[in-house]
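Asks: what's the 3D shape of this:
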Amino acid sequence: MATVTAMDMGTAVTRLRPDRLARRTCLSAASKGIASPLRSHSTVNPGSVIAAAVFLMTVPEFVAAQTESTVVGSAANGAGLSSTSASGGGAGGFGAGAGLRVQPRISLTQTWTDNLALQDRAKDQALFSIVAPGISISNNSGRLRGNLDYALNGIVYAKTDRDSNVQHSLSANANLELIDRYFFVDMRASYSQQQASAFGQQVSTENAIRNPNSTDVANLTITPSLRGRLADLARVEAKVNASFTDAKESAIGDSRLLDLSLRADGIAKGPLSWWSLISAQQSHFKAGNDNFRSSATGGLNYRLDVDFSLGANAGLERSDLKTGSGQSGPTAGLNAVWTPTPRTSVQGDYQHHDYGSSHSLSVSHRFQRSSIRYSDNTSVSQGLDSGAGGQMTIYELYFFQFQSLYPDPVIRDAKVRQFLQEAGISPNAAANSGFLSSAPSLQRRQELSLSWQGLRASATAMLNQSKNGRIGGQVPGQGDLAQSSTVLQRGASATFSYRLTPESSANLALSEQQTRGDQASLSTTLRTINLSWTGRLGSKGSLNLGARYSHFEGNLPYRENAVFATLVHQF
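Replies: This next block holds a predicted model:
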């Protein structure tokens, strides 16, 4: 489940508004931790990922402790299929405690396509059905907080010799406070279908047809941390970040990351504050080499005004990313944060590294019914490129926009998912398809997103570009970066929704995704048009009727036309 973090600073009234005083006492230096890998060759299968996620969300000892205010559930969109959010207004669901919400559901999708094989020379008309039982669990009180969405998609084909199959879809994240204000465990887990190569045949996010370039990818990240204070001098955090990624039936993309860090933030008693960070990281790629990074850095932050701060840092680091052998060198950086109003934020950061400098720039502003955001990030990408580095999904865009309407993040999550479900828009729409890699790469990602919501109509538009390149002279043994020194992806998308009645709406989605490599043969373009109608069936059901057109240019080109109907019922 895609989420976005947004800072709610209240409502500004005058130059001496109360939120300025609140922010003056709450602001702290931004963390600069590093992620990393394990050498273990064990496999992360869907069963272990799903079981771990479900366990963290439903462990009885902590469910019994949930006695706070009732919160609405959150239902993620499984495998690009429509699902209904567990928002207020009789959406169904049940809770094992005042803060826990459990929302079972089942959906049935019937699709007719004129090109099941996704090949222009061998078109295969077919009907296929998708039966998808699913469950959504959310909790926002007590020691255990987080959300989980799982769907089991059974696909049955007719008028074709293709075998039926089952697809899993999981998205979960949780925070467990084992010892009050001292020991925490964060966890993220996902299991989904991804495109293995950016240069291979591509399909749209709402298309459930599998192609030779599709693969199942499981990811599990566990981050235990200890937090404390050194008298009145500093806040200290020791953290371990372990991440596992496995691609089914492929060694490309399989990676283990392990990161150890120790950070101290000085307790500021004036405009000047300090921080220090020691970190060590190791990455292992099953189809590539092992890499390591370590650093010791210290920095100062100075708050010129309650809305504006500057920072600088310097240190030493050692890594083998550039040449394959350990090299030591200095690192230094600058950062700035400007928040002139609660609706406007500008943040920038630059860091020099021997293997390639990194930077981040984020500019965002929320109007009453619209929002605009621009981000530009350069960093080291580890393995799977599927949404890191500041890229926004439709869900995140509306989550950001709805902040002024629904300050409570749990209520806002439910409202956003209800709005997207009623509009027939996938929460994961407009994200880059990404690709699997067997080595770290230097990635730059840029994105411009706009959204607008009227009384009956709403619209979004996104432009994004990502460029992944090899680091130094190292050439991966497998994957896209073995074929090309750079992988350039550009995308554009727009969605428009109009509410016909209080219970129904018409929706239009347009998208184009381009991929370019060093050679002309390493080029792909995918264009998609999706038109649909969505209506409610009582308080617990919904119906989505639509048509789709896709045109792919590149390796194995195709044109596809499809019509579909999806019925969703919540319990």
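
Asks: and the nearest residue to residue 435 once chain neighbours are set aside, what does it touch?
Replies: Nearest non-adjacent residue to residue 435, counting by C-beta to C-beta, 6 or more residues apart in numbering: residue 198, 4.0 Å away. Every C-beta, even on glycine, is put in place using the N, C-alpha and C of the backbone. With contacts defined as C-beta atoms under 8 Å, 6 or more residues apart in numbering, residue 198 is in contact with 433-435, 480, 487, 489, 515, 524.

Asks: which SS class is residue 198?
Replies: The assignment at residue 198 comes out as coil when based on DSSP: H, G, I helix; E, B strand; the rest coil.

Asks: Direction included, what does the helix or strand hosting residue 551 pair up with?
Replies: In the assignment (DSSP states H and E), residue 551 maps to strand 541-553. In the sheet, strand 541-553 lines up against strand 523-537 (antiparallel), strand 558-570 (antiparallel) (DSSP bridges).

Asks: Need those strands in TSV (columns: mean pLDDT).
Replies: Below are those laid out as TSV (pLDDT from 0 to 100):
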stretch	mean pLDDT
strand 523-537	93
strand 558-570	94
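
Asks: Quick check: which of the ones you listed is nearest to residue 179?
Replies: Within the strands paired with strand 541-553, the stretch nearest residue 179 is strand 558-570; the backing value is 36.8 Å (C-beta to C-beta).

Asks: Check the offset of the closest one from the chain's centre.
Replies: 24 Å (C-alpha atoms, centre = their mean, to the nearest Å).

Asks: Mind listing what's buried along that strand?
Replies: Going by neighbour count (16 or more other C-beta atoms under 10 Å), the buried part of strand 558-570 is 558, 560, 562, 564, 566-570.

Asks: Equivalent analysis for stretch 178-185, please.
Replies: So for stretch 178-185, counting by 16+ other C-beta under 10 Å, buried means 184-185.

Asks: For residue 136, grab the count of nearby residues.
Replies: 28 (other C-beta atoms under 10 Å).

Asks: in the sheet, who's paired with it?
Replies: Residue 136 forms beta bridges with residue 103, residue 149, as assigned by DSSP bridges.

Asks: just checking, it touches residue 151?
Replies: No. Counting by C-beta atoms under 8 Å, residue 136 stays clear of residue 151, with 9.3 Å between them.

Asks: Distance to residue 254 for the strands paired with strand 541-553 - can I get that in a markdown table?
Replies: Shown next, in a markdown table, are the strands paired with strand 541-553 (distance: least, C-beta to C-beta, whole Å):
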| stretch | distance to residue 254 |
| --- | --- |
| strand 523-537 | 24 |
| strand 558-570 | 29 |
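
Asks: rewinding a little: distance-wise, check the residue nearest to residue 435 relative to residue 444.
Replies: 15 Å (C-beta to C-beta, to the nearest Å).

Asks: sorry, back to before: which ones among the contacts of residue 198 map onto strands?
Replies: Filtering the contacts of residue 198 for membership in strands, criterion DSSP state E, returns 487, 489, 515, 524.

Asks: Looks like the second one contacts residue 446 (just checking).
Replies: Right, the one you point to is residue 489. No. Using C-beta under 8 Å, residue 489 is not in contact with residue 446, being 10.9 Å away.

Asks: Now for the two: what residues contact both?
Replies: Counting by C-beta under 8 Å, 6+ apart, the residues touching both residue 489 and residue 446 are 464-466.

Asks: for those, which one is nearest residue 507?
Replies: residue 464 (21.1 Å).

Asks: May I ask you to confirm that residue 485 is in contact with residue 518?
Replies: Yes. Under the criterion of C-beta under 8 Å, residue 485 makes contact with residue 518 at 5.7 Å.

Asks: for the stretch 201-350 of the chain, what spans make up the strands?
Replies: Secondary structure of the stretch 201-350 of the chain (DSSP state E, counting those that start in this stretch): strands at 214-230, 234-247, 250-266, 272-285, 290-305, 308-319, 327-341, 344-352.

Asks: and the fifth one, how far out from the chain's middle?
Replies: Spelled out, that is strand 290-305. When C-alpha coordinates are averaged (C-alpha atoms, centre = their mean), strand 290-305 and its chain have centres 25 Å apart.

Asks: Mind listing the strands that strand pairs with, and their directions?
Replies: Paired strands of strand 290-305, with direction, are strand 272-285 (antiparallel), strand 308-319 (antiparallel) (DSSP bridges).
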